[in-house]
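**Q** just coords:
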Ligand SMILES: [Zn+2]
């Protein structure tokens, strides 16, 4: 699953190619990719829509089409390719947008978990998926006090609460482990038991981890573009996630793996002591 930095990297790449162009039409070969509205309405509404910006909300790529948004969630394996009309369709290319320059933007998804939504801006803020998303990591409204309001009611492990997209949106399983390690917080500590300093550290380290990953993505994605499509995955420099039985980079004790809320979770029990 791509995480927020990968989604941002993909959005930036798409923006470089697509800004100012319009959709001429769309061919849909796997109807389940279209989550909203119906396939027929989607095909009709997308015509002649101009792409004025491309950004992200949570892990959704947001195409700003003046009066509407096209939202795309890549899920596990979704990615985009640029092709010409003459290129034969690959068997995993499920949605093919033809642009007004007669180039094509093709959505490729081996596992078919990705989703697209075409919604008017008026509707978007009161309807899923955008209505249920919390603050972005770089939103200035994300403060210690904001977290406190949510956390003091949460009798759940902080690891699970960090993954709750309605509080801070865009933190996935990998970066949640990294954020908690840098903040010296045990993933099992209940959110309501965190201190003010803990909450300040979470915000600071969320920004540090995601910004570092975005920077990394911006420098490495080019190599993927031509052969493997634009998907934004890149080699991450991780401290604890995926490192069970390796030494903690801070204290050299062993990193362990546990399950928290059904998600594989890595931490150093020495640096990240549980607060009861
Ligand atoms: Zn340690």
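**A** Structure received. All values reported here derive from a predicted model rather than from experimental measurement.

**Q** Quick check: which helices or strands does the biggest helix by length in the chain pack against?
**A** In the chain, taking DSSP state H as the definition, the longest helix is helix 196-220. Using 3 or more C-beta pairs under 8 Å, 6 or more residues apart in numbering; DSSP states H and E as the contact test, the elements touching helix 196-220 are helix 4-18, helix 144-151, helix 173-182. (Each C-beta comes from the backbone N, C-alpha and C, glycine too.)

**Q** Tell me the buried residues in that helix?
**A** 198-199, 201-203, 205-206, 209-210, 213-214, 216-218 (16 or more other C-beta atoms under 10 Å).

**Q** and the residues you listed, which two are the farthest apart?
**A** 198 and 218 (30.3 Å; C-beta to C-beta).

**Q** what comes up buried for stretch 61-70?
**A** Neighbour count says stretch 61-70 has 61, 62, 63, 64, 65, 68, 69, 70 buried, by 16+ other C-beta under 10 Å.

**Q** Spatially, what comes nearest to the closest residue to the ion within the stretch 51-200 of the chain if we skip its sequence neighbours?
**A** Residue of the stretch 51-200 of the chain nearest the ion, by C-beta to the ion: residue 181 (8.1 Å). The shortest distance from residue 181 to any non-neighbouring residue, by C-beta to C-beta, 6 or more residues apart in numbering, is to residue 240 (4.6 Å).

**Q** Run through the helices of the protein in chain order.
**A** Under DSSP H, the chain gives helices at 4-18, 39-46, 121-124, 144-151, 158-162, 173-182, 196-220, 222-228.

**Q** Least reliable of these by average pLDDT, please.
**A** Among these, helix 222-228 carries the lowest mean pLDDT, at a mean of 39.

**Q** now for the helices of the chain, which one comes closest to residue 86?
**A** The nearest among the helices of the chain, by C-beta to C-beta, is helix 222-228 at 17.4 Å.

**Q** For the chain, what lies in contact range of the ion?
**A** Applying C-beta under 5 Å from the ion, one finds that the chain approaches the ion through 248, 250, 251, 268, 270, 271.

**Q** Just the ones in strands from the residues you listed, please.
**A** The members of the residues of the chain next to the ion all map outside strands under DSSP state E.

**Q** Quick one: buried ones out of those?
**A** 248, 268, 271.

**Q** Please name the residues that touch the closest residue in space to residue 52 that isn't next to it in sequence.
**A** Nearest in space to residue 52, with sequence neighbours left out and distances taken as C-beta to C-beta, 6+ apart, is residue 64 at 5.1 Å. Neighbour list for residue 64: 51, 52, 53, 54, 55 [criterion: C-beta atoms under 8 Å, 6 or more residues apart in numbering].
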